[in-house]
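Asker: need a structure here:
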Amino acid sequence: MSNYKHILVGLDLSEESEEVIARATALAAAAGAKLSLAHVIEPLTFAYGGDIPVDLTEIQTQLESQAKQKLSSLGTSIQVSDEDQHVIVGQPVDEIHSLAESIGADLIIVGSHGRKGLALLLGSTANGVIHGAKTDVLAVRVAKSS
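Answerer: Below is the predicted model:
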């Protein structure tokens, strides 16, 4: 197995993100790899079906701003530069695949909650990333938050 050179870590910015980051930083240190962090925010028009007659631009902007602050805090704590921190609006699976390709990542790391039954049938971001990626993917099993 060759060493990874550039690792993209897809984060949902939940409390479990720290578990994913811990695994990613350890692997990056062992491989001497560069780390990039990403968080994808689904557009509110997608999340609510686009049928709400309300301008959601301000709320979307606030969500992006909060995500950038949180990702920046996480990135700073593990010495990932601002240019390697990405907050993107779009469909998570598609955006992670696209970003991985555009930055030349050779490994994608995502957290997985280990869904079963109906939750698995409805799909998960980790599952989508795993099955559509053009590169290796590591799904880190994270504990369920209470």
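Asker: quick one: least confident helix or strand in this protein?
Answerer: Sorting the helices and strands of the chain by mean pLDDT, DSSP states H and E puts helix 118-121 at the bottom, at a mean of 42.
Asker: list the residues that contact A105.
Answerer: Counting by CB atoms under 8 Å, 6 or more residues apart in numbering, A105 touches H6, I7, L8, S36, L99, T135. (Glycine included, C-beta is placed from N, CA and C.)
Asker: about what we covered before: name the residues of whatever helix or strand comes next after the least confident helix or strand of the chain that are buried.
Answerer: Counting by DSSP states H and E, the next helix or strand C-terminal to helix 118-121 is helix 125-132. Under the neighbour-count criterion of 16 or more other CB atoms under 10 Å, helix 125-132 has T125, A126, G128, V129, I130 buried.
Asker: the third one and P92 touch, don't they?
Answerer: Yes. With contact defined as CB atoms under 8 Å, G128 and P92 form a contacting pair (7.4 Å).
Asker: show me what the top strand by length along the chain is packed against.
Answerer: Counting residues, the longest strand found in the chain (DSSP state E) is strand 34-41. For strand 34-41, the packing partners by 3 or more CB pairs under 8 Å, 6 or more residues apart in numbering; DSSP states H and E come out as strand 6-10, helix 17-31, helix 57-77, strand 85-89, helix 92-103.
Asker: the helix or strand following the last one - contacts with which helices or strands?
Answerer: To tie it back to what came earlier, the one meant is helix 92-103. Next in sequence after helix 92-103, counting helices and strands by DSSP H and E, comes strand 107-112. In this structure, strand 107-112 makes packing contacts with strand 6-10, helix 17-31, helix 92-103, helix 125-132, strand 136-141, judged by 3+ CB pairs under 8 Å, 6+ apart.
Asker: Q66 and V87, how far apart?
Answerer: 10 Å (CB to CB, to the nearest Å).
Asker: list the contacts for the nearest residue to E19 once chain neighbours are set aside?
Answerer: Spatial nearest neighbour of E19, excluding adjacent residues (CB to CB, 6 or more residues apart in numbering): V142 at 4.9 Å. Neighbour list for V142: E16, E19, V20, G111, S112, H113 [criterion: CB under 8 Å, 6+ apart].
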